[in-house]
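# Sharing a model prediction with you, sequence too.
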Amino acid sequence: MLERFLNNSSSDNDRDPLRAALTLAKLVRSATLSYATPHQKPRGSSIGAREKRKGGQGHQFWQFRDYTQGDTPRSIDWRRTGRGDTTIVRERADEQTDIFRLWVDPKLGSISSQKHYASQIIALTAAHLAHEEEDKTSLLRTGKNIASRGQKTLQDHAHTLQRNGCIGAKRLKTISVPRADFPLLISDFWVPLESFEANILPVIKHHPKGLCIQVAARDELDFPFVGRVRFSPDDTHANNLIIEDTQAVRTAYLSEIENHINGLRSQIETYGWGFMTVNADADLLPVLQDIFAIMSTREVV
């Protein structure tokens, strides 16, 4: 039923990615555990230093995590550290707010395409879940990239994504944001690996942790065509490709797709990032559960 709601609206104008994102966020919440749960973990995640343990209510209470390079000696909680083999750092609740930088490739299909719609839902659901945990988000676009949270921020994200307002891939590496921020980069990544290395890899190298989400159409992944088919790379139909016998090239096509995805994965995971391929035409709930788990713990699996 949920998949029908997301994919089979009566018209493109009826499809509201923000409404779908809010619905999915509730389902993710009901199916997984909150960031703050210290003794259990969401599906596909591992609880580590990232968990939020509040000693009370309000921003003046302490939270605790494992030591990381760059922490000052003053921030170490020596009493807790003395109880075990791990160096423990304490910080106030408002100091532990995380920032997620969201990017949806503005060339990710036409505005009416399922890829474009699914990518908006993924970004908005991730943002809403982050805001519920008092974390902040921003879209990577031209101008000031100030991170914030709340209903107004989410609506601004939705408006920007609807008009393909994120910065282009070639300029993505020019945006300066703190290294500790966690990017979520959403695209179909159907570009030569050389272009990926030139435009996306510098961003990956800059941030210790992040997630690349490849959103692809079912037909792109499965190539279910039979007989003579005309392919159009974009809405202009200016560079049509006609294949007389699609079955004859199916094996070679699927092999190329597999090699490309493996090449992306290898480059991305080399630098400690996560990578996943998403079928834009399938149920997004399991994918969003995995994304939430990664955001929760910063553990990419």
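In hand now; what should we look at?
# which SS class is the residue nearest to the spatial centre of the chain?
A centroid search over the chain (C-alpha atoms, centre = their mean) returns L184, at 3.7 Å, as the residue closest to the centre. Using DSSP: H, G, I helix; E, B strand; the rest coil, the three-state assignment for L184 comes out as strand.
# Write down the beta-bridge partners of it, one by one.
With DSSP bridges as the criterion, L184 is bridged to L102, L211.
# Would you mind confirming that it makes contact with A126?
Yes: counting by C-beta atoms under 8 Å, L184 touches A126, with 6.0 Å between them. No exception for glycine: its C-beta is placed from N, CA and C like everyone else's.
# what is in contact with those two at once?
Counting by C-beta atoms under 8 Å, 6 or more residues apart in numbering, the residues touching both L184 and A126 are 100, 102, 291, 295.
# Contacts only, for V104.
Counted by C-beta under 8 Å, 6+ apart, V104 has contacts 119-120, 123, 139, 161, 164, 166, 186-187.
# redo that, cut-off 6 Å
If a contact means C-beta atoms under 6 Å, 6 or more residues apart in numbering, then V104 has 119, 123, 161, 166, 186 as its contacts.
# For the fourth one, which residues are in contact?
The one in question is C166. Applying C-beta under 6 Å, 6+ apart, the residues contacting C166 are 103-104, 106, 139-141.
# Format these as a markdown table; extra columns: distance to E256, secondary structure and pLDDT.
Compiled in a markdown table, the contacts of C166 are given as follows (distance: C-beta to C-beta, whole Å; DSSP: H, G, I helix; E, B strand; the rest coil; pLDDT from 0 to 100):
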| residue | distance to E256 | secondary structure | pLDDT |
| --- | --- | --- | --- |
| W103 | 26 | strand | 98 |
| V104 | 25 | strand | 98 |
| P106 | 25 | coil | 95 |
| L139 | 32 | strand | 98 |
| L140 | 29 | coil | 97 |
| R141 | 32 | coil | 95 |
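# Return the closest of those residues with respect to L24.
V104 (16.1 Å; C-beta to C-beta).
# Relative to Q247, how far out is that closest one?
Per C-beta to C-beta, to the nearest Å, V104 is found 34 Å from Q247.
# out of the contacts of V104, who's nearest N279?
For the contacts of V104, the nearest to N279 is S119 (12.3 Å; C-beta to C-beta).
# average pLDDT across stretch 142-149?
Stretch 142-149 shows an average pLDDT of 89 in the prediction.
# cool, stretch 202-220 as well?
97.
# Just the buried residues of that stretch, please?
Residues of stretch 202-220 classed as buried by neighbour count (16 or more other C-beta atoms under 10 Å): 203-204, 206-207, 209-217, 220.
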